[in-house]
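Q: The following comprises the amino acid sequence and a computationally predicted model.
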Amino acid sequence: MRNRITARAFSNIALIKYWGKLPTKLNSPATPSISLAVSALKTETTVCRIESGRDKFILNGKPTDMATSQRLREYLDIWRKQKLIAGHFLIESRNNFPTGAGLASSASGYAALAVALGAFTETPIDKAELSRLARIGSGSAARSVMGGLAFLPDGKNPAAKLIMPADKIPWGMVMAIVESKHKKINSRTGMGHSAETSPYYQSWIKSAKSDCRKMLRAIYRNNLAEIGITAEANALAMHACMMSARPPLIYWNPVTIEIITRVPCWRKSGLETYFTIDAGPNVILLGRKQDLLQIARRVKRIAGVKDVVVGFPAGGAEVIRWN
Ligand code: DP6
C-alpha cells in the first residue's frame, strides 16, 4: 500500500478564458477554454496517509487558512464518496510563484493534488478522468493535468484534451508581475458575481465560444498573429464582463494598463508579442521562444513592474516520488 506520493504540475495561462459556470455541482465550465502550461509556474504536492481523523493542509510551509482548508476537505470528500480513496491525509503543497496574484495557483495545485490522489486508488485512473476530477477542484486544473496546449470544452463534465504537446510548441510566455499580494476577490466568487450582475455576461459566453473556435483554427495553422489577436480580444472581453458587474470587479492597476498599451507599439516596432490578463493585475505576454528574453527586457523597463518571469511550454501533471 502506498503511503506517500508526490506529484508535480505546472500552472497554465489561458489564451481563451474560462469565466463562468453551469448550474451543476460538478464545477462545470460555461465557456470553453484553451491554455498553455508554463514551466516557470510549478507546484509540488505531497499526499501522505495519516492516522488522525482529520485531513491537514500545508501550503508553502504554513497551514492553509480556514476557507482553503474547507474547500480542500470538501474536495477530498468527493474522492471518498466516490470510493476512490479512504482515510485521511496530510497534504503539503509548495508553489514556486506567488499564490493568488492572478497566476492561476489553483490550476497547478488541484492538478498536482488530483494526480497524487489518483496514485492512491486501487484501480488506475486514466488521464481524462484525472482531468475531470481535477476540474471538480478547480476548472483551470483540468488543463494543467494535460500540460502543453490544452483545450477544456464547456459542458457538464468535460475533461481537457491535449491540443499540442510542450515539445512541439514554438511559443512561450513572459509574466509581468505588477502585484504579488493575494487578490481580493478570487476567481470563483468573481465568476458568480459576473454571472449574477453583469448585463454583458450572456454576450461574454457567446463571444468566448466563437473566440475558442477561432483560436483552435489559428493554432492548427500555426498563425501567431491570429492566436495573439484572438487571445487579447478574449481577455479584454472577459475583463469587460467583470468590469460591468455591479459593483464592478476591477482587477487591473495603472501598471497593467501601461503594459497593455505598449504591446501594440512593440509589435509595430517589429517585436511580435500579445497580451493576456487573468483575474488579477499581472500581464502575461505571448511570444516566440526566441523573442522571450527581449520581451522580458522591454517589460522590465516599465516603472511599477516588480518582477518578470519567463515561462516555456511545460508538460502534464505527473507523480515524481512515492514510497
Ligand atoms: C481567469 O480555475 O481558478 O484564470 O474553477 O472556481 O477554481 P474555479 O476557477 P479557476 O478560474 C480561472 C479563471 C481564469 C481564466 C482561466 O484560467 O481560464
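A: All right, it came through fine. Residues are numbered from 1 along each chain as shown.
Q: residues from the stretch 201-323 of the chain in reach of the ligand?
A: 278-279 (C-beta under 6 Å from any ligand atom). Glycine gets a C-beta too; all of them are placed from N, C-alpha and C.
Q: Would you map the helices across the stretch 201-323 of the chain?
A: 201-220, 224-243, 254-268, 292-300 (DSSP state H, counting those that start in this stretch).
Q: which one of the ones you listed lies closest to residue 113?
A: Nearest to residue 113, of all those, is helix 224-243, at 25.9 Å by C-beta to C-beta.
Q: Touching that closest one from outside, list them.
A: With C-beta atoms under 8 Å, 6 or more residues apart in numbering as the test, helix 224-243 has contacts from 15-17, 19, 171, 190, 194, 198, 200-201, 203-204, 207-208, 211, 214-215, 217-219, 248-252, 263, 272-277, 279, 286, 288.
Q: Quick one, which of the residues you listed are buried?
A: Among the contacts of helix 224-243, those scoring as buried are 15-17, 19, 171, 190, 194, 198, 200-201, 204, 207-208, 211, 214-215, 218-219, 249, 251-252, 263, 273-277, 279, 286 (criterion: 16 or more other C-beta atoms under 10 Å).
Q: so what's the spatially most distant residue from the centre of the chain closest to, chain neighbours aside?
A: Most distant residue from the mean C-alpha position of the chain: residue 51, 32.8 Å away (C-alpha atoms, centre = their mean). Closest residue in space to residue 51, ignoring its immediate chain neighbours: residue 88 at 7.9 Å, by C-beta to C-beta, 6 or more residues apart in numbering.
Q: Show me the beta-bridge partners of the one you found.
A: Per DSSP bridges, the residues bridged to residue 88 are residue 50.
Q: so how far is the ligand from it?
A: 23 Å (C-beta to the nearest ligand atom, to the nearest Å).
Q: my read: that residue touches residue 55, true?
A: Yes: using C-beta atoms under 8 Å, residue 88 is in contact with residue 55, at 5.1 Å.
Q: tell me, what's touching those two both at once?
A: residue 76.
Q: Quick one: residues contacting the residue nearest to residue 51.
A: Here residue 88 is in contact with 49-55, 76 (C-beta under 8 Å, 6+ apart).
Q: Quick check: which of those residues has the minimum pLDDT.
A: Lowest model confidence among the contacts of residue 88 falls on residue 52, which carries 83.
Q: Could you give the number of residues near it?
A: Residue 52 has 10 neighbouring residues, counting by other C-beta atoms under 10 Å.
Q: Skipping adjacent residues, who's closest to it in space?
A: Per C-beta to C-beta, 6+ apart, closest to residue 52 is residue 88, 6.0 Å.
Q: Do you know the pLDDT at the one you found?
A: 97.
Q: same check, this time on residue 290
A: pLDDT, read off for residue 290, is 98.
Q: cool, and the one 3 residues further on?
A: Residue-level confidence at residue 293 comes out at 98, pLDDT.
Q: what comes up buried for stretch 21-32?
A: Using 16+ other C-beta under 10 Å as the test for burial, stretch 21-32 gives 21, 27-32.
Q: Over to stretch 66-84?
A: 68-69, 71-73, 75-76, 78-79, 84.
Q: One more: stretch 85-99?
A: Residues of stretch 85-99 classed as buried by neighbour count (16+ other C-beta under 10 Å): 85, 88-93, 95, 97-99.
Q: Okay, and which of these map to strands?
A: The members of the buried residues of stretch 85-99 that map onto strands under DSSP state E are 88-93, 95.
Q: tell me the contacts of the closest residue to residue 153 other than its chain neighbours?
A: Take residue 153 and drop its neighbours on the chain: the residue closest to it by C-beta to C-beta, 6+ apart is residue 32, 5.0 Å away. Contact analysis of residue 32 by C-beta under 8 Å, 6+ apart lists 16, 18, 151-154, 208-209, 212.
Q: And those, which of them are buried?
A: Applying 16+ other C-beta under 10 Å to those flags 16, 18, 151-152, 154, 208, 212 as buried.
Q: Between all of those residues, which two are at the greatest distance?
A: Pairwise distances across those (C-beta to C-beta) peak at 12.8 Å, for the pair 151 and 208.
Q: okay, and the common contacts of these two?
A: What both residue 151 and residue 208 touch, as defined by C-beta under 8 Å, 6+ apart, is the set 32-33.
Q: For residue 165, list the residues it contacts.
A: Neighbour list for residue 165: 147-148, 315 [criterion: C-beta under 8 Å, 6+ apart].
Q: ditto for residue 195
A: Here residue 195 is in contact with 20-21, 30, 201 (criterion: C-beta under 8 Å, 6+ apart).
Q: right, and out of those residues, which lies closest to residue 120?
A: residue 21 (27.9 Å).
Q: Now that closest one. Nearest residue, chain neighbours left out?
A: Nearest one to residue 21, counting by C-beta to C-beta, 6+ apart, is residue 30 at 5.5 Å.
Q: low pLDDT regions in this protein?
A: 1, 98-104, 182-183 (pLDDT under 70).
Q: Just the strands from it, written as ranges.
A: 4-16, 33-50, 56-59, 62-63, 88-95, 149-152, 161-164, 171-177, 273-276, 283-288, 307-311, 318-322.
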